[in-house]
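Undergrad: With the sequence up front, the predicted model follows.
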Amino acid sequence: MAPAEALTQKPLVKLEHVTKIFSNGTIALKDMSLTVCQGQFVSLLGPSGCGKSTALRIMASLGDVTRGTIDWPTSRISAKGKPEGDISFVFQEPTLMPWATVFDNVFLPLKLRGKSKAGVRDEIMAALATVGLQDFPNAYPRELSGGMKMRVSIARALVTKPKLLLMDEPFAALDEITRQKLNDDVLRLWHATGITVIFVTHSVFESAYLSNRIVVMRARPGQVFDDFPLDTSQERDESYRTSEEYRLACEKVSRSLQGAIQAAGGEH
Ligand SMILES: Nc1ncnc2c1ncn2[C@@H]1O[C@H](COP(=O)(O)OP(=O)(O)OP(=O)(O)O)[C@@H](O)[C@H]1O
């Protein structure tokens, strides 16, 4: 079921011996190395405070590293050293502009790149269609459910056609049914686009359902504790949720997470 790109194993982003120490002395990441390849769907799990968000923010150039390097082997790098246009970020909050329509919210990243609204109308409508919101371009955020707002946020992230989608607990605040629907939406768009996804979650079940690779982090110091692929030969759908394969995948992720929790040391 994995997109063809997942089989190429071309590195997209490489964190090498990354350490991040905040100005208050907190060591969020210590000597963390991680290579994510094109087309992978990686779930990043770990106990609270192990540095998942910090690792994601560093990849998105939303924070500097204290030591170590981040490489983008296949991307064009801007003068500022960033792989411009290649990355989108989806946060736990949809962070929509309440005064703007769905269409205008999705237009924002293109507007920031100097595009005219008329010129990118088709791209915006295509992004909305990807998340099933093609009938709501003129709606305002206040008229939408929590799940629909998150869909707008995903459409806004996709409209620039990024290579890498970073998602930081995007569905944590949603009810279980909405969350499962959005999980299916994200899988559908992963298949359709071949995009690389790094998905931070606290949910063993969500990670086992979505990803073809699990990276478990430990805390104190924040670094990779475990890293393993998941079998994706079986279609991820409703029947998968009650299958033995899914139960075994959840068990494997859960065991690894328990190991990471027990491994946490006293370093701050
Ligand atoms: N701006 C900051 N200044 C100082 N310390 C920070 C800052 N941001 C995060 N930290 C600390 O760095 C460590 C890692 O935080 P981070 O948010 O990356 O962890 P996390 O694994 O994403 O946690 P959670 O699962 O609770 O969201 C924590 O100890 C946190 O308190």
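TA: Structure's in. What do you need?

Undergrad: Give me the mean pLDDT for stretch 43-59.
TA: Stretch 43-59 shows a mean pLDDT of 94.

Undergrad: starting at the chain centroid, how far to that stretch?
TA: 11 Å (C-alpha atoms, centre = their mean, to the nearest Å).

Undergrad: For burial, what's the neighbour tally of the nearest residue to Ile261 once chain neighbours are set aside?
TA: Leaving aside its chain neighbours, Ile261 sits nearest to Pro47 (5.1 Å; criterion: C-beta to C-beta, 6 or more residues apart in numbering). Just so you know, the C-beta spots here come from the backbone N, C-alpha and C atoms, and that holds for glycine as well. Counted with other C-beta atoms under 10 Å, residues neighbouring Pro47 total 21.

Undergrad: same thing with Ser78?
TA: 12.

Undergrad: can you check Thr66 too?
TA: Thr66 sits with 14 neighbouring residues when counted by other C-beta under 10 Å.

Undergrad: Setting the sequence-adjacent residues aside, check what's closest to it.
TA: Here the residue nearest Thr66, using C-beta to C-beta, 6+ apart, is Ile21, at 4.6 Å.

Undergrad: Contacts only, for that neighbour.
TA: Ile21 makes contacts with Ile27, Ala28, Thr66, as judged by C-beta atoms under 8 Å, 6 or more residues apart in numbering.

Undergrad: Could you do Ser254 as well?
TA: Contact analysis of Ser254 by C-beta under 8 Å, 6+ apart lists Val204.

Undergrad: Of all the residues in the helix or strand containing it, which ones are buried?
TA: Secondary structure assignment for Ser254, by DSSP states H and E: helix 244-263. Using 16 or more other C-beta atoms under 10 Å as the test for burial, helix 244-263 gives Tyr246, Ala249, Cys250, Lys252, Val253, Ser256, Leu257, Ala260, Ile261.

Undergrad: Same check on stretch 69-78?
TA: Ile70, Trp72, Ser75.

Undergrad: I'd like to know how far the residue of the chain positioned farthest from its centre sits from Phe107.
TA: Computed with C-alpha atoms, centre = their mean, the residue of the chain farthest from its C-alpha average is Ala118, at 29.7 Å. Remark: distance between Ala118 and Phe107 (C-beta to C-beta, to the nearest Å) = 11 Å.

Undergrad: need the contacts of Ile21 in JSON lines with distance to Ile195, secondary structure and pLDDT, can you?
TA: Converted to JSON lines, these look like this (distance: C-beta to C-beta, whole Å; DSSP: H, G, I helix; E, B strand; the rest coil; pLDDT from 0 to 100):
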{"residue": "Ile27", "distance to Ile195": "32", "secondary structure": "strand", "pLDDT": "93"}
{"residue": "Ala28", "distance to Ile195": "27", "secondary structure": "strand", "pLDDT": "94"}
{"residue": "Thr66", "distance to Ile195": "30", "secondary structure": "coil", "pLDDT": "95"}
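
Undergrad: can you tell me which of those residues lies nearest to Arg151?
TA: Ala28 (30.8 Å; C-beta to C-beta).

Undergrad: tell me the contacts of the closest one?
TA: Contacts of Ala28 by C-beta under 8 Å, 6+ apart are Lys20, Ile21, Phe22, Gly51, Thr54, Gly222.

Undergrad: Ramachandran angles for Cys37?
TA: Main-chain torsions, Cys37, degrees, to the nearest 10: phi -100, psi 160.

Undergrad: Tell me what it is bridged to.
TA: Pro11 (DSSP bridges).

Undergrad: right, and it touches Pro73 too?
TA: No - here Cys37 lies out of contact with Pro73, judged by C-beta atoms under 8 Å, at a distance of 9.9 Å.

Undergrad: sorry, back to before: so which of the contacts of Ala28 reach the ligand?
TA: With C-beta under 6 Å from any ligand atom as the criterion, the members of those in contact with the ligand are Phe22, Gly51, Thr54, Gly222.

Undergrad: now those residues as JSON lines including neighbour count?
TA: Listed next are those as JSON lines, based on neighbours: other C-beta atoms under 10 Å:
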{"residue": "Phe22", "neighbour count": "11"}
{"residue": "Gly51", "neighbour count": "27"}
{"residue": "Thr54", "neighbour count": "21"}
{"residue": "Gly222", "neighbour count": "28"}
